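>>> After the sequence you'll find the predicted model.
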Amino acid sequence: MEKIEETIQKAAEFIDIGEHSTAFSMLIDPVTLSNPKAQYLVALMLETGTGTAQDIERARELYLSSAQLGNSEAQARIGGFYIFGQGVEVDYEKAAFWFDKAAKQENTTAINDLGNMFKAGLFFEKNEEKAISLYKLAAELGSETGKLNYGRHLTKSEDPRVISNGIALLEQAAASGLTEAQTTLALHYIDGNIVDRDYAKAFNLFQTAATSGDLAGIVGLGMNYLEGYGCQKDPERANELFKVAAERGAAQAQFNLAWSYHYGLGVDRDLEAALKWYTAATEQGNPGAIRGLGEMHEIGAAGLERNLVKAAQLYEQAAEMGDLVAQFNLGVFYEHGEGVPVNRRLAKTYLERAANQGHNSAQLNLGLLYQTGIDGDPDYIQAIYWLQLAAESGNPKAQGAIGLMYLNGQGVEKNVTKAIYHLELSATQGEVHCQYNLALLLRDVNDGPVNEEKSAFWLRQAAERGLGAAQVDLAVNYLKGGGVELDQAEAYKWALLSVSSGDERGGRICKHCEEILQKADLDVGRSRAEAFSLSRTKLGTS
């Protein structure tokens with residue numbers, strides 16, 4: 001017996017230094033192989049194909065024999081075979097049986113796996129409290145995975161001291177080399193919710209995990225390079241990392257790479273490559289990729305025929321998985337009847353889901369939906385609530401809509417001063433219709449000071465951005481005076497431009513100018529209009 005134990009000990013030492021074939025030849029002797037520890041070690045090499053040819057079935061047989069002889073490591077491993085269906089039918093009852101046997105011998109792998117079964121409700125009735133107690137036991141017995149699992153639980157507490165203990169456990173597990181702990185801790189350092197945000201620490205943790213070949217570590221490191229967290233922003237390096245992980249089957253990396261190709265982030269825009277990786281990630285159920293594939297169908301990209309029905313189906317699939325952009329897209333589809341029948345109630349449902357998660361455009365659209373009415377009469381109270389949320393993030397359309405609600409007393413007490421304030425916030429950000437509305441308000445206000453110069457300024461801003469109505473009004477200002485010096489040639493210029501912009505009044509103003517102006521003024525005005533149009537063409541505007 002002592003000789004067998006010595007042989008096993010020496011074989012284990014050879015395994016530790018990577019001499020697996022030597023260890024295997026020492027352990028395969030029938031007498032030695034009658035020992036449960038030897039059976040476990042040989043099974044491990046057969047399973048992984050180290051030191052011998054891989055043979056999963058023979059490995060399972062030896063694990064089972066070793067487990068029956070009381071080896072806790074084999075008991076934990078055979079439990080894993082049953083829970084994941086490796087060479088056997090999935091059987092949670094048998095998995096629980098072997099995990100329980102190993103756990104009674106304080107095998108921490110089995111204790112953690114039992115915790116996972118209680119947490120997921122596999123065989124046992126779902127019991128979060130029992131799962132946590134098992135994770136805690138595993139952590140106390142020195143298991144790094146136990147520290148990870150129990151640490152994750154503690155970090156969900158609202159007590160700062162408990163959170164601190166959870167972070168300490170995660171740090172211990174990360175320092176031991178457990179890559180899942182490294183990536184978990186890195187994410188906490190990025191979001192900064194329960195620890196001080198520290199991009200440098202996050203970068204180092206992701207880099208350490210990535211160096212070990214961990215897919216989550218590679219993807220996380222790629223995101224750091226993409227965003228410049230703890231390093232210089234480097235989209236090209238990010239995409240290199242995404243590609244490595246994508247080719248190894250990481251769905252998140254496949255989505256990230258698709259996104260880069262879709263929008264030309266760090267790579268030349270390539271919609272066919274985007275479609276390829278969106279499809280690969282979609283097949284693994286990645287919600288972002290499902291939504292991205294929907295966007296490809298919506299626009300008919302990469303050789304796909306434009307198919308709004310298919311796009312709506314994909315958006316719904318991703319929306320039900322919690323993707324807030326898909327929820328927004330589907331809400332807009334239901335609002336406008338794109339790919340689905342118009343249904344303002346369903347539009348509200350999906351927009352509200354995205355809005356509650358902070359999606360700014362969803363907050364805007366939901367506010368506008370309430371403003372016009374979902375089933376009938378408008379709900380200005382709800383409208384102003386959602387529009388204010390969107391406006392707080394600087395959304396210019398929301399700020400403009402709030403300005404008009406103050407002007408008209410919708411959901412708020414009428415207040416021209418506040419109307420001007422909000423319209424000006426929007427106008428300053430280039431929202432052309434708000435520039436025009438602000439100009440009219442400053443010119444025509446009944447219960448406040450008229451400001452013709454400021455009105456003319458905003459008219460010109462809107463006119464230069466191609467708004468026909470503003471061009472007509474600016475033409476009238478130059479003809480009659482109003483915040484600008486009289487300039488008949490400039491009046492004719494803007495009248496001509498308004499005709500090109502499709503404003504019906506522009507034709508009448510042009511005719512009036514041609515009746516009253518000198519030929520020289522008309523020629524100058526025409527020349528100015530042509531120069532303005534040429535400059536906009538060069539800038540890529542219409």
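The structure has been received and is ready for your questions.

>>> Check which helices and strands the stretch of helix or strand residue 208 belongs to is in contact with.
Taking DSSP states H and E as the definition, one finds residue 208 inside helix 199-211. With contacts taken as 3 or more CB pairs under 8 Å, 6 or more residues apart in numbering; DSSP states H and E, helix 199-211 sits against helix 179-191, helix 215-227. C-beta here means a position set from N, CA and C on the backbone, and glycine is covered the same way.

>>> export that helix as PDB, just CAs?
Taking Å, rounded to 0.1, in the frame of the first residue of the first chain, the C-alpha atoms of helix 199-211 are listed here in PDB:
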ATOM      1  CA  TYR A 199      -9.900  52.800 -15.000                       C
ATOM      2  CA  ALA A 200      -6.200  52.000 -14.500                       C
ATOM      3  CA  LYS A 201      -7.100  49.100 -12.100                       C
ATOM      4  CA  ALA A 202      -9.800  47.900 -14.500                       C
ATOM      5  CA  PHE A 203      -7.400  47.900 -17.400                       C
ATOM      6  CA  ASN A 204      -4.800  45.900 -15.400                       C
ATOM      7  CA  LEU A 205      -7.300  43.400 -14.300                       C
ATOM      8  CA  PHE A 206      -8.700  42.800 -17.800                       C
ATOM      9  CA  GLN A 207      -5.200  42.600 -19.200                       C
ATOM     10  CA  THR A 208      -4.200  40.000 -16.600                       C
ATOM     11  CA  ALA A 209      -7.300  37.900 -17.400                       C
ATOM     12  CA  ALA A 210      -6.700  38.400 -21.100                       C
ATOM     13  CA  THR A 211      -3.100  37.200 -20.800                       C
END
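
>>> Next, the buried residues of it.
199, 201-210 (16 or more other CB atoms under 10 Å).

>>> For those residues, give me CSV that also has distance to residue 38 and pLDDT.
Formatted as CSV, the buried residues of helix 199-211 follow (distance: CB to CB, whole Å; pLDDT from 0 to 100):
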residue, distance to residue 38, pLDDT
199, 49, 97
201, 44, 97
202, 44, 98
203, 44, 98
204, 41, 98
205, 38, 98
206, 40, 98
207, 39, 98
208, 35, 98
209, 34, 98
210, 36, 98
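
>>> quick one: average pLDDT of the helix ranked longest in the chain?
Of all segments of type helix in the chain, defined using DSSP state H, the longest is helix 519-539. On average, the pLDDT along helix 519-539 is 88.

>>> sorry, back to before: rebuild the helices and strands packed on helix 199-211 as CSV, extending it with mean neighbour count, distance to residue 104 and mean pLDDT.
Output for those, formatted as CSV (neighbours: other CB atoms under 10 Å; distance: least, CB to CB, whole Å; pLDDT from 0 to 100):
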stretch, mean neighbour count, distance to residue 104, mean pLDDT
helix 179-191, 22, 26, 97
helix 215-227, 24, 33, 97
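
>>> For residue 493, which of these is the nearest?
Residue 493 lies closest to helix 215-227 among the helices and strands packed on helix 199-211, at 46.4 Å (CB to CB).

>>> Please write out the alpha-carbon positions of the host helix or strand of residue 471 in CSV.
Element membership for residue 471 (DSSP H and E) is helix 468-480. Taking Å, rounded to 0.1, in the frame of the first residue of the first chain, the C-alpha atoms of helix 468-480 are listed here in CSV:
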residue,chain,number,x,y,z
GLY,A,468,-38.0,77.9,-46.2
ALA,A,469,-40.3,79.7,-43.7
ALA,A,470,-37.4,81.4,-42.0
GLN,A,471,-36.0,82.5,-45.4
VAL,A,472,-39.3,84.1,-46.4
ASP,A,473,-39.6,86.0,-43.1
LEU,A,474,-36.0,87.1,-43.3
ALA,A,475,-36.6,88.4,-46.8
VAL,A,476,-39.6,90.5,-45.5
ASN,A,477,-37.3,91.8,-42.7
TYR,A,478,-34.8,93.0,-45.3
LEU,A,479,-37.5,94.6,-47.4
LYS,A,480,-39.4,96.4,-44.6
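
>>> any idea of the angle the helix or strand following that helix forms with helix 519-539?
For helix 468-480, the following helix or strand on the C-terminal side (DSSP H and E) is helix 488-500. In terms of direction (axes from the mean of the first three to the mean of the last three CA atoms, to 10 degrees), helix 488-500 departs from helix 519-539 by 50 degrees.

>>> For the helix holding residue 208, give me every contacting residue.
Under the criterion CB atoms under 8 Å, 6 or more residues apart in numbering, residues 174, 179, 182-183, 185-187, 189-190, 216-218, 220-221, 224, 229-231, 241 lie in contact with helix 199-211.

>>> re the thing from before, show residues contacting the helix holding residue 471.
By CB under 8 Å, 6+ apart, helix 468-480 touches 432, 435-436, 439-440, 456, 459-460, 462-463, 482-484, 486-488, 490-495, 497-498, 501-503, 505-506, 509, 512-513.

>>> and the residues you listed, which are buried?
Among the contacts of helix 468-480, those classed as buried by 16+ other CB under 10 Å are 432, 435-436, 439-440, 456, 459-460, 462-463, 482-484, 487-488, 490-495, 497-498, 501, 503, 505-506, 509, 512-513.

>>> Can you add distance to residue 149 and give the buried residues of helix 199-211 back as TSV?
Listed next are the buried residues of helix 199-211 as TSV, based on distance: CB to CB, whole Å:
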residue	distance to residue 149
199	26
201	22
202	21
203	25
204	23
205	18
206	21
207	24
208	20
209	17
210	22
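
>>> rewinding a little: mind exporting the longest helix of the chain as PDB, just the C-alpha atoms?
Only the C-alpha atoms of helix 519-539 are listed here, as PDB (Å, rounded to 0.1, in the frame of the first residue of the first chain):
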ATOM      1  CA  LYS A 519     -32.300  95.400 -62.000                       C
ATOM      2  CA  ALA A 520     -28.900  96.000 -60.200                       C
ATOM      3  CA  ASP A 521     -30.400  94.900 -56.900                       C
ATOM      4  CA  LEU A 522     -32.100  91.900 -58.500                       C
ATOM      5  CA  ASP A 523     -28.800  90.900 -60.100                       C
ATOM      6  CA  VAL A 524     -26.900  91.200 -56.800                       C
ATOM      7  CA  GLY A 525     -29.600  89.200 -55.000                       C
ATOM      8  CA  ARG A 526     -29.500  86.500 -57.600                       C
ATOM      9  CA  SER A 527     -25.700  86.300 -57.500                       C
ATOM     10  CA  ARG A 528     -25.800  86.000 -53.700                       C
ATOM     11  CA  ALA A 529     -28.400  83.300 -53.800                       C
ATOM     12  CA  GLU A 530     -26.300  81.300 -56.300                       C
ATOM     13  CA  ALA A 531     -23.200  81.700 -54.100                       C
ATOM     14  CA  PHE A 532     -25.100  80.600 -51.000                       C
ATOM     15  CA  SER A 533     -26.500  77.500 -52.700                       C
ATOM     16  CA  LEU A 534     -23.000  76.600 -54.000                       C
ATOM     17  CA  SER A 535     -21.500  76.900 -50.600                       C
ATOM     18  CA  ARG A 536     -24.200  74.600 -49.100                       C
ATOM     19  CA  THR A 537     -23.600  72.100 -51.900                       C
ATOM     20  CA  LYS A 538     -19.900  72.000 -51.100                       C
ATOM     21  CA  LEU A 539     -20.700  71.500 -47.400                       C
END
